[in-house]
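> How does the following fold in three dimensions:
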Amino acid sequence: MLFSKSSGVNESIYGKSQEPIKMMLEKQEEAHEKNSIISHVFYEDDTTNYAEKYTSETSLGNFEPVGEGAAYPRSSMQEGFSKVIEPEEWKNSFEVTQQIIEDAKMGKIKQKTNQFMQSFSRTKELFATGILNNAQNATFQLGGKGKRFDITGADAKPLFSTDHPSATNKGPKQSNYFGNPFSYDALGYIEEAMHYFKDEDGNILNLQPDTIIIPDKSRIKKLVFDAIGAEGIPGTANNSFNFQFGRWNVIISPYLTNTPGITAGTDSWYLMDSSFNEAYAGLVWLNRLDLSVKSYIDEETDNNIFKGRARFGAAPNNWRAICKIDPGKGTVAGD
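Reported below is the predicted structural model:
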């Protein structure tokens, strides 16, 4: 966080309060960052530019048997789909009155700083999870109002789609949007489907999903940890080996919601290959300007105003990093 204050604040009644307020803001920022899912679900990147373009290249052709002394075959690559992400500008403010300072009500100031940082953290989490919650669509509105954000991937399809095209037309149309309710078997089916995701030329990528992302609902948490938390097959009395045991990271967020209209009692869930997400910029979180807080005195009220401003953006790029499973929606995976 960047903190600045006008020269008039130093000489005023507010002067001695500035450093404690700054420390409160920084402490709350650190606490909220620890609870954020952004670093676990998004590829985080920094920029000094107005926008960034993320692109990919198609794979190189395979080695060929050429016989003794023959020339090297020449393979070529081409640019795949690309995505431009532009950071948005986000603002908020709060104020501290002279009376609060005069009466040494530091508890009230702490409450205001905590609420301010909660607002900033909540906004980021709602934006990040809003992409996941709505990415079977092309756009979404944060809180259902204001600007409509483009959340299509580089292929111009919704992130979660049943017909992702190939940039070269050499590969098949592919789905990362499935309809299986969570179960031990469904986890294996979706993992298998990701193993067979292909690149733009139709080559198998051999993804290795390692992360399960779920809403903070007890019903699905029980299903997930029953499936992956014991050495034996869940729901059986035998000692068969549970090959899902100890293999998964689980990300839980209260901001993840069900898609309207899905079967009652079931929950949306996600499977992700975190290594692929990092290597190929699957879901991108783009930081342009860290939270910048400016402190100054309002001439009309003599109150100390704190204005916060940040620039960040996020969007899908490469759909292959993640699957969404909406029970009753998408395609059904299984043998």
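
> Could you verify that Ser119 is part of a strand?
No: counting by DSSP: H, G, I helix; E, B strand; the rest coil, Ser119 falls outside a strand, being helix.

> Please name the residues that touch the residue lying closest to it once chain neighbours are set aside.
Of all residues not flanking Ser119 in the chain, Asn92 sits nearest, at 5.7 Å (Cβ to Cβ, 6 or more residues apart in numbering). (C-beta placed from N, C-alpha, C; glycine too.) Asn92 is in contact with Phe116, Ser119, Phe120, Thr123, Lys307, Gly308, counting by Cβ atoms under 8 Å, 6 or more residues apart in numbering.

> Dump those residues to JSON lines, plus pLDDT, distance to Tyr14 and neighbour count.
As requested, those are exported to JSON lines (pLDDT from 0 to 100; distance: Cβ to Cβ, whole Å; neighbours: other Cβ atoms under 10 Å):
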{"residue": "Phe116", "pLDDT": "92", "distance to Tyr14": "16", "neighbour count": "21"}
{"residue": "Ser119", "pLDDT": "92", "distance to Tyr14": "22", "neighbour count": "13"}
{"residue": "Phe120", "pLDDT": "93", "distance to Tyr14": "22", "neighbour count": "21"}
{"residue": "Thr123", "pLDDT": "94", "distance to Tyr14": "26", "neighbour count": "16"}
{"residue": "Lys307", "pLDDT": "94", "distance to Tyr14": "15", "neighbour count": "14"}
{"residue": "Gly308", "pLDDT": "95", "distance to Tyr14": "17", "neighbour count": "21"}
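
> now, which of those sits nearest Gln244?
Nearest to Gln244 among the contacts of Asn92: Thr123, at 35.1 Å, using Cβ to Cβ.

> hang on, the closest one in a helix?
Yes: assessed by three-state DSSP, Thr123 belongs to a helix.

> pretty sure it is touching Trp90, no?
Yes: in this structure, Thr123 is within contact of Trp90 by Cβ atoms under 8 Å, at 6.4 Å.

> so how far is Asn133 from the residue nearest to Ser119?
According to Cβ to Cβ, to the nearest Å, Asn92 and Asn133 sit 23 Å apart.

> same deal with Asp273?
Per Cβ to Cβ, Asp273 is found 20 Å from Asn133.

> Who has more neighbours out of those two?
The neighbour count for Asp273 versus Asn133, taken as other Cβ atoms under 10 Å, is higher for Asp273 (25 against 20).

> Enumerate every residue touching the more buried one.
Each residue near Asp273 by Cβ under 8 Å, 6+ apart is listed here: Met194, Leu207, Gln208, Pro209, Asp210, Thr211, Arg320, Ala321, Ile322.

> swap the cut-off to 10 Å and go again
191, 194-195, 197, 205-211, 279-280, 282, 320-323 (Cβ atoms under 10 Å, 6 or more residues apart in numbering).

> swap in Ser119?
Ser119 makes contact with Asn92, Phe94, Gly308 under the criterion Cβ under 10 Å, 6+ apart.

> Ok, Asp46 next?
Asp46 is in contact with Glu52, Trp285, Leu286, Asn287, Arg288, Leu289, Asp290, Phe312, counting by Cβ under 10 Å, 6+ apart.

> Just the buried residues of those.
For these, a burial check counting by 16 or more other Cβ atoms under 10 Å picks out Glu52, Trp285, Leu286, Asn287, Arg288, Leu289, Phe312.

> thought the second one was touching Glu125?
No: Trp285 sits out of contact with Glu125 when judged by Cβ atoms under 10 Å, with a separation of 11.6 Å.

> Most widely separated two among the contacts of Asp46?
Glu52 and Asp290 (16.6 Å).

> quick one, helices of the chain?
Along the chain, the stretches classed as helices by DSSP state H are 7-11, 18-34, 38-41, 98-102, 106-134, 184-195, 218-228, 274-279.

> Nearest approach to Asn169 belongs to which of these?
Nearest to Asn169 among these is helix 184-195 (21.9 Å), distances taken as Cβ to Cβ.

> On the strand side of things, show who Val293 bridges to.
Note on Val293: beta-bridge partners by DSSP bridges are Phe3, Gly308.

> Spit out the contact partners of it.
1-5, 21-22, 25-26, 29, 93-94, 113, 116-117, 120, 306-310.

> Show me which positions of the helix-or-strand element of the chain with minimal mean pLDDT end up buried.
Lowest by mean pLDDT, DSSP states H and E among the helices and strands of the chain is helix 7-11, with a mean of 75. Neighbour counts using 16+ other Cβ under 10 Å place Val9 of helix 7-11 among the buried residues.
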